[in-house]
Structures are given as structure tokens and as C-alpha cells.
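Q: here is a sequence together with a model predicted from it:
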There are 2 protein chains.
Amino acid sequence: MMDLRYAVVGTGALGGFYGGKLAEAGKQVDFLFNSDYEQVKQQGLRVDSVSGDFLLKPVAAYNSTSSMPKADVVLVCLKTTNNGLLKSLLQPLLHENSVVILIQNGLGIEDELREMMPDIQIAGGLAFICSNKIGPGHIHHLDLGKLILGSYNLKDKSVLEKVGEDFKQAGVPCQIAEDLYFARWQKLVWNVPFNGLTVVLNSTTDRIMNVDSSRKLAHEMMYEVIDAANACGVSLKREFADKMIEMTAKMTPYAPSMKLDYDFKRPMEIDAIYSQPLQHAAKKGFKMEKVEVLEKQLRFYNSINGF
Amino acid sequence: MMDLRYAVVGTGALGGFYGGKLAEAGKQVDFLFNSDYEQVKQQGLRVDSVSGDFLLKPVAAYNSTSSMPKADVVLVCLKTTNNGLLKSLLQPLLHENSVVILIQNGLGIEDELREMMPDIQIAGGLAFICSNKIGPGHIHHLDLGKLILGSYNLKDKSVLEKVGEDFKQAGVPCQIAEDLYFARWQKLVWNVPFNGLTVVLNSTTDRIMNVDSSRKLAHEMMYEVIDAANACGVSLKREFADKMIEMTAKMTPYAPSMKLDYDFKRPMEIDAIYSQPLQHAAKKGFKMEKVEVLEKQLRFYNSINGF
């Protein structure tokens, strides 16, 4: 297989880090920027990372996908709240064998994309990372970093192996999941409690972990997500929640993306992270009582910002 | 029966209004003040009320119950978070036939007082009122005002009729409940959702009512309280929740006491309003899933203020 050409759609906390690492390692990566375009053109893309800072300059930066070269692998690192734009964004980037990897949280996003573009090849990506965009073209990577990739409807899954190799060469731990649906539920175990509770409790992960009642609530919500996953045919053990709680206790204090979205008055990813899992579980007759409370509270907070 | 002599223990949003109304109508009322004592001695007790403003001056004000006359009826209008002080506060006020009326929210508070003082006569009072203390000796009565009284262990319940008459003469609608436990659960139907959600959503009642998701959440929590009440042997219909929601929609925008307690960094009444009902229901095998989430979130918020 020839070298893969990458396109990063949405160069923020995730796209900036993962795309940046690939480019820094010499891979061919074209980046789509929105508001940061001019800044990055002039100043480059800056990544402050616990695993080593770097400045990417010059950057193959674009402010429209219609001016970008076609890509073998498109890494979609947008917020899911922008996924309605995907059809028009992706169309110019795709050749016959292009693969689109949705490095996003939540459930149902691949289904949604396939409905919009029935003929394209889709994979999913889960980022186990603490990373924030702290300014224009400026990413702060605080902790962790592992990427898990899984096929949704790839004709030839071996492309994921190649992508995985590229990430490993770039210093990013990367695994290929056998079952993307399993992986997405597994990721929700952490995301459901901590994305929402940091908003509703106006807090960071460390403070939630340091108070008995909120740590217990997060832990119980994790169990609820795991029970829902099992109702949906995904075999996940409750011990995984215990491990996630231990991991979070050791993690650097962190404001997840949803907390930043709320604070910066952006729409929160409530559909993909909350409503979709609630609906998937409900279809199987399982009611996520605690998560439903959080979902409704988040919709209230979203309404404060006008969404 | 001779005229009753009243003592108000805790002259805040409730004690100031209800005691103030009695005194304004010519009843004999002695008031215990804490931090507001000097101010009230000099300036009187001011009540701004939708049913008519008044200034009580002079006020039979005291800053210690040991200097107060003994009372026939003690109206306890403290926060339940101060109920640990009741034994020493009440002792000097009581004669052989004194009756203590706990005008407070929550469950289990009469049980707790009886454990502390097994020989005294106790009743409960439920205030359906929007009233806040907005400054020293300054009460703001925004809406509603009905008082429901019920015997807990009175030897002669007719004293409640007399108290009810006094309140009616003072322009306060007052009813005697057949079953205090029923009345306390009924009051929780409103208090559980709105006290906690105004804190966790940093909001007032009107904004919660104006957003679909939060109004629905409050409504569902009301149903959960009603289901719990029924599990505890209290026959309450779900339609009562529907009525409470309608009433709240018409109510003046309001920050319940718990919201003010949080904002002013006072301890919140989590035990009486949340933990006790949760425990009562759990003993009967009923789990209040949604309310439990809110209780844990409130404990987190309480911890922010150091409680």
C-alpha cells in the first residue's frame, strides 16, 4: 500500500493533536480550519503536549474542503453538533476508495452519516485523551492519548491497520477494535457521567472525584451505562466502571469538551452522548433513569445559551 | 380557652411573616432573633407583602429563649439544619401544656424532636408560601401563604383549632390536616423538585417551567415523590403533581429557600427534604432514582460551601 494522504476536518482539540502528531512524524496531512485559518497560516499550529511540545509550521492549512486535495483517509474531528454539515464538507475530499473516520463521541453518528452518504466507507474513532483547544491554532494536550479505531462498513479493513501503523510511528498508541458498537458504548461509560456532571456541577473531574456523593453518582451512572450496553447486546462488565473511576482519580484535573462547550456558549453534544444512548437502550426496554435526569438538566443548560 | 401566647423561634422568611401577621392582628407574640436582633429592636420588623405591607414596631424581640416568657404555642421556623439546637432553645419556653409546632419542610423532623424531648407535645406545620428574608428584620412575601397544621402527638388536638382561628383572624388561610404524615409528603411533591433544581440549574422556578426538559423533569420527580408516598402508605394521586405544575406555572418567579441557602453559603436542608424521604421510601422497597441523583448533586453543591 502506498503512503496514505490524510485530511483533518475540524482542527481543534482532537484534530489538532492527532493530525498534528501525524504531520510532525512526516505523514501527508491537510488540515481544514475554520476561524483559526489566518492565524495558523501565519503562526503555525502549536501543540503543547505532556508527551512533548511541538510547532507545526508551515501547515497545509485550508479554510474550505473544496480547495483541499482528495484524501485517502478523512479524520472527522468536528463536534457532532456540526455533523449536519458533513455531506457538503466531505464530498470534495473523497475519491473512490476514501475512508472517513469519525473521531467523535456518542452513538448513532455513523448511521446518520451513512443515511446522508450511502456509498461512502465509514469507520469510527475513539479518543481516550485529555486535550483542549486553548486559543487559535493552539492545542493543549494534558493527559492520555490512546486512539481506538473500528470499521463501520469498510470494504477492506486493512486500511485501519495502516492508519494504526502511521499513528504508532507518530507516537500515538492506537488499537483496532473488533466491534465498533462495543467500543462506542465502552467510551460512553466515562463520557456520560463526566461530560454532563462537570457542566451541571460547574466543576472539573478532580472535584467530582474528591466529593463522596458526586464520585458515587458518577460511578452509579457508569453502571447504568454498562447495564444499558448489555441490554443492547454489548457484553461489558461492571468492573470496567470501577477501573474507569480509578483511572479518573489518577487523571490530571480536566474539563471535558462538553464543559468547555457550555462555558464558551457553544452547543453541547447532548444528542450523540445522551439522547442516542437513551434511545438505543429504550428500544431494548431498558430505562436509564439517572442518565435521563442528567440529559434533561443538560438540555436546560443548553437552552441558557440559546440552543 | 384563654388567649394563646405565642413564641416564634427563628424569625426569618416564615417566622417573620406568620408571627408578624399574628402580632399585627393583636395576638401576643414573642420573637426570637439571632443576627437581626439589634436592628429589629431599633427599626422594627418590616414585612413587604402582596397582601399588604406592614411595619411591626415595637417588636417583642429577644435574642435568647432563656429571657423569653413561656409560651402556649411555640412556632419553630428555623431551618431544619439547626434542629440540633432545638432542645436547648425550647426548654426555657415550655410550660406543662405548651405545644411546639414545627413549621418546617421535610420528613422525620418530629421523630427527631421527640427523641430529643420525649415528653413534649409536637405538631407540624406546612407553609405554602413564597417568602424570603431580604435583609435584617425585612421579609418579602411574594405569593401564596396558606398554612396547614397537623398533630404529631398532641394530647388535645383542639389547640390547633384555636391556633387556626388566630391565623384566620390575622388573614392567613389555615387548615388542620387529619394526617400530618400525608401532609408532609404532599408538601414534598413541590419541594423536592423545585428546591433542588433551582440550585443545580442555578435558576428560578419560572425559568425551569419555561424550558420543556426541566419542566418535564420537575413533573417526573413529582410523580416519583407521589409513588414513594404511596409506597409509604400515603394515598396520593398523580393528578396532584399535575395541579402543582399548573400552580407553579402561574406562580410569581421564585427562588426557594434552598436556592437562597446555597447562594448565601448556608447549609442546605438536604437531610429533611431529600435523605429522609429517600430513606422512608427505601424502607418500603421503593427506590427514588431521579430524586437520588438530585440529592447527590446537592451534596456536591453543599460541599462547595464547606458543608
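A: In hand now; what should we look at?
Q: up against chain B, what does the stretch 51-200 of chain A have?
A: Residues of the stretch 51-200 of chain A lying close to chain B (C-beta under 8 Å from any C-beta of the partner chain) are A:Leu197, A:Val200. Every C-beta, even on glycine, is put in place using the N, C-alpha and C of the backbone.
Q: can you give me the strands in the stretch 51-200 of chain A?
A: With strands called from DSSP state E, counting those that start in this stretch, the stretch 51-200 of chain A shows them at A:54-56, A:61-62, A:71-76, A:94-103, A:121-135, A:138-151, A:174-176.
Q: deepest-packed of those strands, please.
A: Comparing the strands of the stretch 51-200 of chain A by mean neighbour count (mean count of other C-beta atoms under 10 Å in any protein chain shown), strand A:71-76 ranks first with a mean of 25.
Q: which residues sit against that strand?
A: For strand A:71-76, contacts defined as C-beta atoms under 8 Å, 6 or more residues apart in numbering or on different chains pick out A:4-10, A:15, A:18-19, A:30, A:86, A:90, A:93-95, A:97-104, A:125, A:159, A:163.
Q: give me the mean pLDDT for that strand.
A: Regarding strand A:71-76, the rounded mean pLDDT is 98.
Q: how far does that strand sit from its chain's centre?
A: 15 Å (C-alpha atoms, centre = their mean, to the nearest Å).
Q: quick one: residues contacting the residue of the stretch 51-200 of chain A found nearest chain B.
A: Closest residue of the stretch 51-200 of chain A to chain B, C-beta to the nearest C-beta: A:Val200 (6.0 Å). A:Val200 sits next to A:Leu294, A:Gln297, A:Leu298, A:Tyr301, B:Val200, B:Leu201, B:Gln297 when contact means C-beta under 8 Å, 6+ apart.
Q: can you tell me the SS state at the third one?
A: Reducing the assignment at A:Leu298 to three states with DSSP: H, G, I helix; E, B strand; the rest coil gives helix.
Q: wait, isn't A:Val234 in contact with A:Phe182?
A: Yes: in terms of C-beta atoms under 8 Å, A:Val234 counts as a neighbour of A:Phe182; the distance is 5.0 Å.
Q: which residues are in contact with each of these two?
A: With contacts taken as C-beta under 8 Å, 6+ apart, A:Val234 and A:Phe182 have no neighbour in common.
Q: low pLDDT regions in the stretch 201-307 of chain A?
A: Within the stretch 201-307 of chain A, the set of residues satisfying pLDDT under 70 is empty.
Q: residues of it that sit close to chain B?
A: Counting by C-beta under 8 Å from any C-beta, the residues of the stretch 201-307 of chain A near chain B are A:201-203, A:208, A:211-214, A:216-217, A:289-290, A:292-297, A:299-301, A:303.
Q: go again with 6 Å.
A: Residues of the stretch 201-307 of chain A lying near chain B by C-beta under 6 Å from any C-beta of the partner chain: A:Leu201, A:Val211, A:Ser213, A:Ser214, A:Leu217, A:Glu289, A:Lys290, A:Val293, A:Lys296, A:Arg299, A:Phe300, A:Ser303.
Q: pull out the buried members of those residues.
A: Buried residues within these, counting neighbours by 16 or more other C-beta atoms under 10 Å in any protein chain shown: A:Leu201, A:Val211, A:Ser213, A:Ser214, A:Leu217, A:Glu289, A:Lys290, A:Val293, A:Lys296, A:Arg299, A:Phe300.
Q: would you turn the residues you listed into a markdown table with secondary structure?
A: Converted to a markdown table, those look like this (three-state DSSP):
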| residue | secondary structure |
| --- | --- |
| A:Leu201 | coil |
| A:Val211 | coil |
| A:Ser213 | helix |
| A:Ser214 | helix |
| A:Leu217 | helix |
| A:Glu289 | helix |
| A:Lys290 | helix |
| A:Val293 | helix |
| A:Lys296 | helix |
| A:Arg299 | helix |
| A:Phe300 | helix |
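Q: who touches A:Ile208 in this structure?
A: A:Leu197, A:Ser214, A:Ala218 (C-beta atoms under 6 Å, 6 or more residues apart in numbering or on different chains).
Q: the second one - nearest residue in space that isn't next to it in sequence?
A: Leaving aside its sequence neighbours, A:Ser214 sits nearest to B:Phe300 (C-beta to C-beta, 6 or more residues apart in numbering or on different chains; 4.1 Å).
Q: the one you found and B:Val200, how far apart?
A: Distance, B:Phe300 to B:Val200, using C-beta to C-beta, to the nearest Å: 9 Å.
Q: low-confidence stretches in the stretch 1-150 of chain A?
A: For the stretch 1-150 of chain A, the ranges with pLDDT under 70 are A:1.
Q: try 90
A: Residue ranges of the stretch 1-150 of chain A with pLDDT under 90: A:1-2.
Q: in chain A, what residue sits furthest out from the centroid?
A: For chain A, the largest distance from the centre (C-alpha atoms, centre = their mean) belongs to A:Asp212, which lies 28.5 Å off.
Q: packing partners for the helix or strand hosting A:Gly19?
A: For A:Gly19, the element it lies in under DSSP states H and E is helix A:13-24. Counting by 3 or more C-beta pairs under 6 Å, 6 or more residues apart in numbering or on different chains; DSSP states H and E, the packing neighbours recorded for helix A:13-24 are strand A:5-9, strand A:28-32, strand A:54-56, strand A:121-135, strand A:138-151.
Q: and the residue in the stretch 101-250 of chain A that chain B sits nearest to, how far from A:Leu197?
A: As assessed by C-beta to the nearest C-beta, chain B sits closest to A:Ser213 within the stretch 101-250 of chain A, at 3.6 Å. Distance of A:Ser213 to A:Leu197, given as C-beta to C-beta: 11 Å.
Q: run the chain-centre distance for stretch A:2-18.
A: 12 Å.
Q: span of it from start to end?
A: Distance between the two ends of stretch A:2-18: 20 Å, counting by C-alpha to C-alpha, to the nearest Å.
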